[in-house]
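Build me a model:
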Amino acid sequence: MSLLSSSTPLLLVRNHSFLLSRFGIIGTTNKLLIDSRWAENQQHLIKSSTVRQFTGQAYSAKEGLALKTFLTLVREGKRKRDVRSFSGTSMAESSPSEGIENLHVTEHESSRGSKSFTPGIWRRKDQRDEAEKLSASVFVDASLLRFLVGKGASTKERIEKDTGVRLKIPLAKDAKTGKQAVILQGDSQEALDEAKNQVHEVIDQAIKSSQLQYSHFVSIPLALHSKLLESVVEFQKSVLESVASSGNDPGKSIHGIDKSIFVKPATFHLTLLMLKLWNEERVQAAADCLQKVMPRVHKALEGSPLRINLKGVDCMQGNPAKAHVLYADVEPDDQALRLIKASQVITEAFTEAGLVMDKDQTQTLKLHATLMNTTQRSGGGPGKRYTKRMPFDATEIVAKYDQYVWGEYNVSEAHLSQRFVYDENGYYHCCSSIPFPETSIHVSTPE
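Below you'll find the predicted structure:
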């Protein structure tokens, strides 16, 4: 193992010697006597007065003394130029105080009475500084790491600049699920604490922001009813035929209407509660919560079956000419009020479990079954969606279907559904479900 490259010769002169090399140690008053016994056996190390190589293993007394002499000179600040390679470690062009940490040489007594020396480890100053820094870990869910990095690493750099603490954040490609350790390194505990606070603040803000999408929701599946499913398919066909009769090919846009903004019939549903479940623990907690709340739901429904009437269509935010969401309306009768009451019980249970965002805890439930939604619009390129929502003109649709009777249907169960993931039947992936009463029974719950 080469300790000194041939490009950095080290001249050894016996007796009152100097180390002459690129370190510029010439005429120094710190003369170090090299043991004459070493000189007698220097053929192992010296060729033409140039040291080419040390073995890197256990050193004899003579070899060890030469190495110790070299290290002493370095530690005394006599090195002026760069050492290209020592023990396989490149060194920067700097003085010993800037580039090298003290190397410790351990002295050993051999069985023959002679001494040998084992060198320590050379470390760069930046390696030494990193080892001397304080460190701490903050565990962050993999799905939230991107917020800690920020666009163009802006958030990470801001925290580092504000606190003087270095953040080591796992790469997104290496952190797919679960909690990941974010390593913080700083000069003081105060700096680490401030960095921790800023990390937690970023994550809290991300969770509350619209940038973190809702991942799950409590739903009432309506696609279970084949007759209703047929009506939804017929509705889509009729609207697209109207588009075609206006001089456009089927599926192409007219007044903002195209095939991509229609919901998939197999996913037709009512939404009771939106949820942000960004890790497996929260998903499991939500699934457990739904199971535990079932007796309270049955009590709210007084143990009786629930049926809802769907009639007409309407638009969110009330302007059909610039619609973004068109839905089938639920008749506001006694049955609808019973469903709203059951939904409130579910929301309260999920809120108590800490699973509901603050702004969703007091929102008034609007029962509706979405038929068209511009968030689904494609056309920004192959497999892409538009970055900005484009409204559509639903004036003619509302006029035609205002009094349309979709029918009366049993509400048989509630699901904890996962968005963007689908089961074999085409409906949203079911993480958990509870049945609703099918026949009138007396329901009681423990006090």
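
helix/strand/coil for the closest residue to residue 403 other than its chain neighbours?
Using Cβ to Cβ, 6 or more residues apart in numbering and skipping the chain neighbours, the partner closest in space to residue 403 is residue 312 (5.7 Å). For glycine as for every other residue, the C-beta is placed from the backbone atoms N, C-alpha and C. Look at residue 312: counting by DSSP: H, G, I helix; E, B strand; the rest coil, its state is strand.

I'd like the numbering to begin with 7 instead of 1 from here.
Renumbered: residue one is now 7, and that last one reads residue 318.

Report the separation between residue 318 and residue 264.
Going from residue 318 to residue 264 by Cβ to Cβ, to the nearest Å gives 23 Å.

The two: which has the busier surroundings?
residue 264 (19 against 16; other Cβ atoms under 10 Å).

Got phi/psi on the more buried one?
Here is the backbone geometry of residue 264 (degrees, to the nearest 10): phi -150, psi 170.

pretty sure it contacts residue 380?
No - using Cβ atoms under 8 Å, residue 264 is not in contact with residue 380, being 10.0 Å away.

ok so, going back, tell me which residues touch the residue nearest to residue 409, please.
Residues near residue 318 by Cβ atoms under 8 Å, 6 or more residues apart in numbering: 334-335, 407-410.

any idea how far it is from residue 346?
From residue 318 across to residue 346, the span is 18 Å (Cβ to Cβ).

One more: residue 151?
From residue 151 over to residue 346 (counting by Cβ to Cβ), the distance is 38 Å.

ditto for residue 208
Distance from residue 208 to residue 346, by Cβ to Cβ: 37 Å.

repeat for residue 241
25 Å.

Of residue 208 and residue 346, which one has the most company?
Between residue 208 and residue 346, counted using other Cβ under 10 Å, the more crowded position is residue 208 (20 against 17).

Surely the more buried one touches residue 151?
No - assessed by Cβ under 8 Å, residue 208 is found out of contact with residue 151, at 10.6 Å.

Take the contacts of residue 318 and write them to a markdown table, including neighbour count.
Formatted as a markdown table, those follow (neighbours: other Cβ atoms under 10 Å):
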| residue | neighbour count |
| --- | --- |
| 334 | 23 |
| 335 | 20 |
| 407 | 22 |
| 408 | 12 |
| 409 | 8 |
| 410 | 14 |
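
Need the residues you listed in JSON lines (columns: distance to residue 327 and pLDDT).
Converted to JSON lines, the contacts of residue 318 look like this (distance: Cβ to Cβ, whole Å; pLDDT from 0 to 100):
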{"residue": "334", "distance to residue 327": "20", "pLDDT": "98"}
{"residue": "335", "distance to residue 327": "19", "pLDDT": "97"}
{"residue": "407", "distance to residue 327": "16", "pLDDT": "97"}
{"residue": "408", "distance to residue 327": "15", "pLDDT": "95"}
{"residue": "409", "distance to residue 327": "20", "pLDDT": "96"}
{"residue": "410", "distance to residue 327": "20", "pLDDT": "98"}
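
Now render these as JSON lines, adding secondary structure and distance to residue 307.
Below are these laid out as JSON lines (DSSP: H, G, I helix; E, B strand; the rest coil; distance: Cβ to Cβ, whole Å):
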{"residue": "334", "secondary structure": "strand", "distance to residue 307": "22"}
{"residue": "335", "secondary structure": "strand", "distance to residue 307": "22"}
{"residue": "407", "secondary structure": "helix", "distance to residue 307": "30"}
{"residue": "408", "secondary structure": "coil", "distance to residue 307": "30"}
{"residue": "409", "secondary structure": "coil", "distance to residue 307": "29"}
{"residue": "410", "secondary structure": "coil", "distance to residue 307": "28"}
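
of all these, which comes closest to residue 224?
Using Cβ to Cβ, residue 334 comes nearest to residue 224 of those, at 18.9 Å.

Would you check that that closest one makes contact with residue 377?
Yes - Residue 334 is within contact range of residue 377, at 5.9 Å (criterion: Cβ under 8 Å).

Overlap in contacts, these two.
residue 319.

Mind listing the residues bridging to residue 415?
residue 314 (DSSP bridges).

Touching, it and residue 232? I think so.
No - under the criterion of Cβ under 8 Å, residue 415 makes no contact with residue 232, lying 10.7 Å away.

So which of those two has more stuff around it?
Taking neighbours as other Cβ under 10 Å, residue 415 and residue 232 compare with residue 415 leading, 17 against 8.

Domains in the protein, by residue range?
Domain segmentation of the chain under automatic domain parsing yields 22-128, 139-214, 222-441.

and residue 201, how many neighbours?
When neighbours are counted by other Cβ under 10 Å, residue 201 comes out with 24.

Quick check: which element contains it?
Here residue 201 sits within helix 195-214, counting by DSSP states H and E.

May I have the strands that pair with the helix or strand just after that helix, each with its orientation?
Next along the chain after helix 195-214, taking DSSP H and E as the criterion, comes strand 222-227. In the sheet, strand 222-227 lines up against strand 275-281 (antiparallel), strand 419-428 (antiparallel) (DSSP bridges).

name the helices or strands packed onto the strand or helix carrying residue 355?
Assessed by DSSP H and E, residue 355 sits inside helix 340-358. Contacts defined by 3 or more Cβ pairs under 8 Å, 6 or more residues apart in numbering; DSSP states H and E place helix 340-358 against strand 222-227, strand 275-281, helix 286-306, strand 313-321.

Specify the angle between the first one and strand 313-321 in degrees.
Think strand 222-227. 120 degrees (axes from the mean of the first three to the mean of the last three Cα atoms, to 10 degrees).

Let me see the mean pLDDT of strand 222-227.
Across strand 222-227, the average pLDDT comes to 99.

Need the residues that contact that strand.
274-283, 289, 292, 296, 345, 349, 352, 356, 417, 419-425, 433-434, 437.

quick one: contacts of the helix or strand that contains residue 375?
For residue 375, the host element (DSSP H and E) is strand 374-379. Contact partners of strand 374-379, identified using Cβ under 8 Å, 6+ apart, comprise 228, 238, 241-242, 263, 267-269, 274-277, 316, 319-320, 329-336, 398, 400.
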